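In: pasted the sequence and its predicted model underneath.
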Amino acid sequence: MINHSIIRIAAAAGTLLLAGCAARLDPAEDGASIRFTAGSALLRDDATKATAPLSTPVHLGVFCYSQPGTVSSPGTWNTSLVPNYMFNLEVSFDGSSYTYSPARYWPPSETTLSFWAYCPRLDTPDLLVAGTSNAFTSASAGIPDIHYTTDGHTDFMVSSLVKNQSYDTNSGVVVLPFSHAMSKVDVYVNKQDPTSKYTVNLKAVSFNGIYHTGTIGWDTSLETWDWASWSGQRQNLSVWEDDPDDDSDDIVLTLENQALPAVLPLPQSLADASARLHVEFSVSYEGILHERSTTREVLLSQVFEEAGAAWHKNSHYTLNITISPDDPIEFTVNWSDWGDAYNFHITD
């Protein structure tokens, strides 16, 4: 489903024999198998999931830690535990049910299990021991950092840590509460002037000079995932681009907002001067043969100033681009988490 993540280690999918403890492949006395549910509509919603139609299975990578003995406080978690029950176990979701093979079973009641997961699953995720550059393996303690590279068009989700579970906790069902690790940006374009005396042909829209690779880690104290570092070269993320040799595929703008494909960039600061919104278009006038081609760029830190000059995880932004023949582009940005729309103007 995904072929864009950096691969640093080759962790065997479904590795089970860890630190002298093996996951139960045989039924316990009551024969209770471990079952999963995302507990969220995210995996069922194409508009937010943006990975595959519902007819195509979505694959989760699940990690599970066991802790023998009674847990003194159900709300605490032992960070020295290793994922000795499941390591990147592949669980498939087909839109209604969750399946994996072979079945794993709940241990005796005096042992509890803790889980977390990510989606979509990779055969060889790039995992690091938290706060280090060391590869995270099935014998490593705690929750790893995830080194991830996005293509800008695929969602990436992580679940919170589900601590100290037993069969009795939820009748054998592990509820994995997912949230988006990416940002989502919807882009709309139109022309401003209500007259029909000019035509605007859109050529390209992109976010330039942004990071595609970052490291996300689990904050034990806040119990949330956060992007901690970014690496690699800054690159361009195309929202839409026409074929330069074929004018027929230009988008001819009207007064109505026209939607471009949504993008899901890596959450990050937009303060760097190389991070820019890039727009290419041409303007032609009725009765005049000459067509004026124009390229405009604006600092993303200015466009998203009221959002703290940053894209944040699990946040949805809407960018409206209005093009007029004189003061040629007006940018209007609004977002779901920060309140009122913000307007930014570019002039010649």
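Out: Perfect, thanks for sending it.
In: which residues of the stretch 201-348 of the chain fall in helices?
Out: Using DSSP state H, counting those that start in this stretch, the helices of the stretch 201-348 of the chain run over 300-303.
In: which stretches of it have low pLDDT?
Out: 244-248, 289, 327-328, 334-348 (pLDDT under 70).
In: parallel or antiparallel, list what pairs with the strand of greatest length in the chain.
Out: Criterion DSSP state E: the longest strand present in the chain is strand 198-210. Using DSSP bridges, strand 198-210 pairs in its sheet with strand 235-241 (antiparallel), strand 251-252 (antiparallel), strand 276-285 (antiparallel).
In: in JSON lines, list the ones you listed along with distance to Thr322 and mean neighbour count.
Out: For every residue, glycine as well, the C-beta is placed using N, CA and C. Below are these laid out as JSON lines (distance: least, Cβ to Cβ, whole Å; neighbours: other Cβ atoms under 10 Å):
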{"stretch": "strand 235-241", "distance to Thr322": "16", "mean neighbour count": "17"}
{"stretch": "strand 251-252", "distance to Thr322": "14", "mean neighbour count": "14"}
{"stretch": "strand 276-285", "distance to Thr322": "11", "mean neighbour count": "20"}
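In: can I get the longest strand of the chain in CSV, CA atoms only?
Out: Only the C-alpha atoms of strand 198-210 are listed here, as CSV (Å, rounded to 0.1, in the frame of the first residue of the first chain):
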residue,chain,number,x,y,z
TYR,A,198,-10.8,37.9,-18.8
THR,A,199,-9.9,34.2,-18.5
VAL,A,200,-7.5,32.6,-15.9
ASN,A,201,-5.9,29.3,-16.7
LEU,A,202,-4.3,27.6,-13.7
LYS,A,203,-1.0,25.9,-14.5
ALA,A,204,0.3,24.7,-11.2
VAL,A,205,0.0,24.9,-7.4
SER,A,206,2.6,23.5,-5.0
PHE,A,207,4.1,23.8,-1.5
ASN,A,208,7.8,24.3,-2.0
GLY,A,209,10.8,23.9,0.3
ILE,A,210,9.2,21.7,3.0
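In: tally of neighbours for Pro177?
Out: Using other Cβ atoms under 10 Å, Pro177 has 16 neighbouring residues.
In: can you tell me the closest non-neighbouring residue to Ala181?
Out: Closest residue to Ala181 in three dimensions, ignoring its sequence neighbours and counting by Cβ to Cβ, 6 or more residues apart in numbering: Phe156, at 4.7 Å.
In: measure the residue with the largest distance to the centre of the chain to Asp326 for me?
Out: The centre of the chain is farthest from one residue, Gly287, which by Cα atoms, centre = their mean lies 47.7 Å away. Separation of Gly287 from Asp326 (Cβ to Cβ, to the nearest Å): 17 Å.
In: hang on, the earlier thing: show me how far the longest strand of the chain is from its chain's centre.
Out: Relative to the centre of its chain, strand 198-210 is centred 24 Å away, using Cα atoms, centre = their mean, to the nearest Å.
In: got it, and stretch 232-243?
Out: That offset, for stretch 232-243, works out to 17 Å (Cα atoms, centre = their mean).
In: next: stretch 134-146.
Out: On Cα atoms, centre = their mean, the centre of stretch 134-146 falls 21 Å from that of its chain.
In: repeat for stretch 254-267
Out: 17 Å.
In: swap in stretch 268-288?
Out: 25 Å.
In: over to stretch 282-294?
Out: Centre-to-centre, stretch 282-294 and its host chain are 40 Å apart (Cα atoms, centre = their mean).
In: again with stretch 124-134
Out: With Cα atoms, centre = their mean, you get 18 Å for stretch 124-134.
In: in it, which residues are buried?
Out: For stretch 124-134, a neighbour-count test (16 or more other Cβ atoms under 10 Å) marks Pro125, Asp126, Leu127, Leu128, Val129, Ala130 as buried.
In: ditto for stretch 298-316
Out: Judged by neighbour count using 16+ other Cβ under 10 Å, the buried positions of stretch 298-316 are 298-304, 306-307, 309-315.
In: for that stretch, output the C-alpha coordinates as CSV.
Out: What follows is stretch 298-316 as a C-alpha-only set of coordinates in CSV (Å, rounded to 0.1, in the frame of the first residue of the first chain):
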residue,chain,number,x,y,z
VAL,A,298,4.5,33.7,-1.1
LEU,A,299,6.1,32.7,2.2
LEU,A,300,4.1,29.9,3.9
SER,A,301,4.9,31.5,7.2
GLN,A,302,2.8,34.5,6.1
VAL,A,303,0.0,32.5,4.6
PHE,A,304,-0.4,30.4,7.8
GLU,A,305,0.7,33.1,10.2
GLU,A,306,-2.4,32.9,12.3
ALA,A,307,-1.7,29.2,12.7
GLY,A,308,1.6,29.9,14.3
ALA,A,309,3.4,29.6,10.9
ALA,A,310,3.2,25.8,11.2
TRP,A,311,1.2,22.8,10.2
HIS,A,312,0.2,20.7,13.2
LYS,A,313,-0.6,17.0,13.4
ASN,A,314,-4.3,16.0,13.2
SER,A,315,-5.2,19.4,11.9
HIS,A,316,-7.2,20.3,8.8
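In: please shift the residue numbers so they start at 558 in all later answers.
Out: Sure thing, new numbering starts at 558, so read that last one as stretch 855-873.
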